[in-house]
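> just the structure for this:
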Amino acid sequence: MATVSLDSLSKHKPLPGRISSQSAARGRSTSRPTLTTFLMMASDVLCVMIALTISVNLGLERFLGPAAGVHSAMSAVMPLSWQFGYLACFLVALLTVSHHQGLYGHTLMYSGLYEQRRTVQSGLIAGLLLCGAMYVMKNTATPRSVVVYLICLTIVFCCISRACWRYLMFRRYERGLNSRNVVILGATGIGMALYRQISSNRHLGRVFKGFVQLSDNNRESVSPEMCLGALDQLRYLARQHFIDELIIAESCSMAIVRDLVDIARDAGMEILVVPGFYDGITPEAPMEYLGDFPVVSLHRRDEKVVAVFMKRVLDVVLSIAALLVSLPLIIVIAAAIKYESNGPAFYVSDRVGRKGRIFRCFKFRTMVVGADKLKDSLKTQNERVGILFKMKNDPRVTRVGKFLRKYSLDEIPQFLNVLRGEMSMVGPRPPIASEVEKYASEHFRRLEVPPGLTGLWQVRARQDPSFERYVALDLAYVENWSLWLDVKIMVRTADAVLRGTGA
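So this is what the prediction gives:
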């Protein structure tokens, strides 16, 4: 997925003054479990349950014969409480060993072969611990074939699950989803090595944005296109380039480190440092690996992991339901558009999504073919104030298009964008590149979340011509987002659509 070049969309505006020294740094944040960790653990539990079902059927059939029912046969072999105890022992051992082996996480830090080898090791260790528990408890009732099948099938299914996770993550990284924008402080030998590591390994899920130097005097060490600016511009650069991580690869004073943590907290960045520079302030921080390089966290941003997951689940469920329910309507609308005027039924345009990434946005065509080329001749009739363009009686809109816009039916195809993860049900509307070119620094904040089918502006001030009001409501949504706010916006949007005030 392409990314809009924000260097071309906004002039470089250095922040006045240097970074000011602030109070002592607040407490460090350490690595915390991510949503991906819990989902991968859940998939391993599912693998064990599938393996157990197959193992019991295969093992007991050999032990007691095909005529025996599985439930009655298991009850005859051993009390169910004991069986659940052994199963819990195996699950806990598998999850604990797999976590210790580094098999759960948001990004893939190693090769697929290495991951499969660690998966096999974890399954075998958990199996040995299960066998050890059965030996200590002198369990001779459980058929050994069931245990062997369980261990072997668990390893097979977990390996398949890991391969699927890796493929899905690769696909999302290729589309620009879930990847992290990274800047490196210091174009030193370590900094350049980190840059090459990130650029050549897409499975790390990082996108290198450039270097930040301690001062303007160091810029000659790298090419101008690779240097974003000096450290005193970091607040502006973090907003302009949607920076998720800052990696410190150069020694700097503790006062600067404290300021970096404060900037990261305000800008929602994470800070990683190569071990050796600041061992005194990172003694208990867990070691991670960025490719071949060990890194330690100085600051982790707080994320609403569960709420974000629930928002995505809501998006997927509602978009699938909407596409299925509206399928007959989609056919009728497409036929009406084709009947009224020549040209395609759908209008596809490039829009700027989360973190400045370009995606293809789908809508029903509501204007005549070539309407974009006629826009310049109508600029003097623009009824909006600022960047946006809107006319109440736009001559380019067709008769069918007016009806579709009145009831917001032209946006039904965007449920496909929601399903693909490029948009959400609720969020700021996706702008076009020509609008983003005119953004000021504070406007980029609205691009830090996925764009939505509807948003706060649509339900509160849709008829307000002011661009500043438009942006202010979007920023209010970004700052105060919650699932309950999404639900309220969707309810009010449904009321507006039914009343025909969508245009």
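> neighbours around Glu468, how many?
Number of residues near Glu468 (other CB atoms under 10 Å) recorded here: 12. Every C-beta, even on glycine, is put in place using the N, C-alpha and C of the backbone.
> any idea how far it lies from Trp457?
Distance, Glu468 to Trp457, using CB to CB, to the nearest Å: 11 Å.
> and if you look at Leu103?
44 Å.
> same check, this time on Val261
According to CB to CB, Val261 and Trp457 sit 34 Å apart.
> how about Glu340?
For Glu340, the distance to Trp457 - CB to CB - is 30 Å.
> what do you get for Val368?
From Val368 to Trp457 the distance is 27 Å (CB to CB).
> got it, and Ala440?
Counting by CB to CB, the gap from Ala440 to Trp457 is 18 Å.
> one more: Leu318?
Leu318 sits 20 Å away from Trp457, going by CB to CB.
> which of the two has more neighbours?
When Leu318 and Trp457 are compared for neighbours, Trp457 comes out ahead with 20 against 16, by other CB under 10 Å.
> which SSE is that one in?
Assessed by DSSP states H and E, Trp457 sits inside helix 456-460.
> again with Ile271
Assigned by DSSP H and E, Ile271 falls within strand 270-273.
> that strand packs against which elements?
Packed against strand 270-273, as judged by 3 or more CB pairs under 8 Å, 6 or more residues apart in numbering; DSSP states H and E, are the following elements: strand 245-248, helix 254-267, strand 293-299.
> how about 10 Å then?
Counting by 3 or more CB pairs under 10 Å, 6 or more residues apart in numbering; DSSP states H and E, the packing neighbours recorded for strand 270-273 are strand 180-185, strand 245-248, helix 254-267, strand 293-299.
> closest one to Pro450 among these?
strand 180-185 (15.3 Å; CB to CB).
> please tell me how far the nearest residue to Leu318 once chain neighbours are set aside sits from Thr454.
Once flanking residues are discounted, Leu318 sits nearest to Met425: 5.8 Å by CB to CB, 6 or more residues apart in numbering. Met425 sits 7 Å away from Thr454, going by CB to CB.
> again, but for Ala345
Per CB to CB, Ala345 is found 23 Å from Thr454.
> more neighbours, these two?
Legend: neighbour count by other CB under 10 Å for Ala345 and Thr454, higher for Thr454 (24 against 16).
> hey, what's the more buried one bridged with?
Val426 (DSSP bridges).
> how about the contacts made by it?
408, 411, 424-427, 429, 462, 486, 489-490, 492-494, 496-497, 502 (CB atoms under 10 Å, 6 or more residues apart in numbering).
> what does Val147 give?
Counting by CB under 10 Å, 6+ apart, Val147 touches 55, 59, 86, 90, 127, 130-131, 134, 139.
> ok, now Leu404?
Residues in contact with Leu404 (CB under 10 Å, 6+ apart) are 333, 336-337, 363-366, 397-398, 410-412, 502-503.
> in helices, which of those appear?
Per DSSP state H, helices hold the following members of those: 333, 336-337.
> pLDDT, neighbour count and distance to Tyr173 added to those, as TSV?
Shown next, in TSV, are those (pLDDT from 0 to 100; neighbours: other CB atoms under 10 Å; distance: CB to CB, whole Å):
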residue	pLDDT	neighbour count	distance to Tyr173
Ile333	94	22	35
Ala336	92	16	40
Ile337	92	22	36
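> secondary structure element holding the closest residue to Ala267 other than its chain neighbours?
Leaving aside its chain neighbours, Ala267 sits nearest to Ala238 (4.1 Å; criterion: CB to CB, 6+ apart). In this assignment (DSSP H and E), Ala238 forms part of helix 234-240.
> what's the overlap in contacts for Met425 and Thr454?
Contacts common to Met425 and Thr454, judged by CB under 10 Å, 6+ apart, are 486, 489-490, 493.
> most surrounded residue in the contacts of Val147?
When neighbours are counted by other CB under 10 Å, Phe90 leads the contacts of Val147 with 24 neighbours.
> hmm, back to that, out of the shared contacts of Met425 and Thr454, who's nearest Lys402?
For the shared contacts of Met425 and Thr454, the closest approach to Lys402 (CB to CB) belongs to Thr493, at 19.6 Å.
> now do the phi/psi pair for the closest one.
Note on Thr493: backbone dihedrals following degrees, to the nearest 10 are phi -70, psi -40.
> what sits against Ser341?
Per CB under 10 Å, 6+ apart, neighbours of Ser341: 365, 367-369, 398-401.
> what does Gly123 give?
Counting by CB under 10 Å, 6+ apart, Gly123 makes contact with 44, 47-48, 51, 90, 93-94, 97-98, 150-159.
> next, the angle strand 180-185 makes with whichever helix or strand Ile151 is part of.
Secondary structure from DSSP H and E places Ile151 in helix 144-174. Following axes from the mean of the first three to the mean of the last three CA atoms, to 10 degrees, one obtains 70 degrees for the angle between helix 144-174 and strand 180-185.
> and helix 144-174, what's buried?
Residues of helix 144-174 classed as buried by neighbour count (16 or more other CB atoms under 10 Å): 146-147, 149-151, 153-155, 157-159, 161-162, 165-166, 169, 173.
> and if you look at stretch 337-353?
The neighbour-count check on stretch 337-353 (16+ other CB under 10 Å) flags 337, 343, 345, 347, 351-353 as buried.
> tell me where the stretch 351-500 of the chain has strands.
All strands of the stretch 351-500 of the chain, identified by DSSP state E, counting those that start in this stretch, fall at 358-364, 424-426, 452-454.
> got TSV for the ones you listed, with mean pLDDT and distance to Ile243 too?
Listed next are these as TSV, based on pLDDT from 0 to 100; distance: least, CB to CB, whole Å:
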stretch	mean pLDDT	distance to Ile243
strand 358-364	92	19
strand 424-426	93	22
strand 452-454	91	23
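> for those strands, give me JSON lines that also has distance to Pro224.
Compiled in JSON lines, the strands of the stretch 351-500 of the chain are given as follows (distance: least, CB to CB, whole Å):
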{"stretch": "strand 358-364", "distance to Pro224": "24"}
{"stretch": "strand 424-426", "distance to Pro224": "37"}
{"stretch": "strand 452-454", "distance to Pro224": "37"}
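> so which of the ones you listed is nearest Ile198?
strand 358-364 (21.2 Å).
> given that closest one, what are its sheet partners and their directions?
Strand pairing (DSSP bridges) places strand 358-364 next to strand 346-352 (antiparallel).
> quick one: the strands in the stretch 1-150 of the chain?
Under DSSP E, counting those that start in this stretch, the stretch 1-150 of the chain gives no strands.
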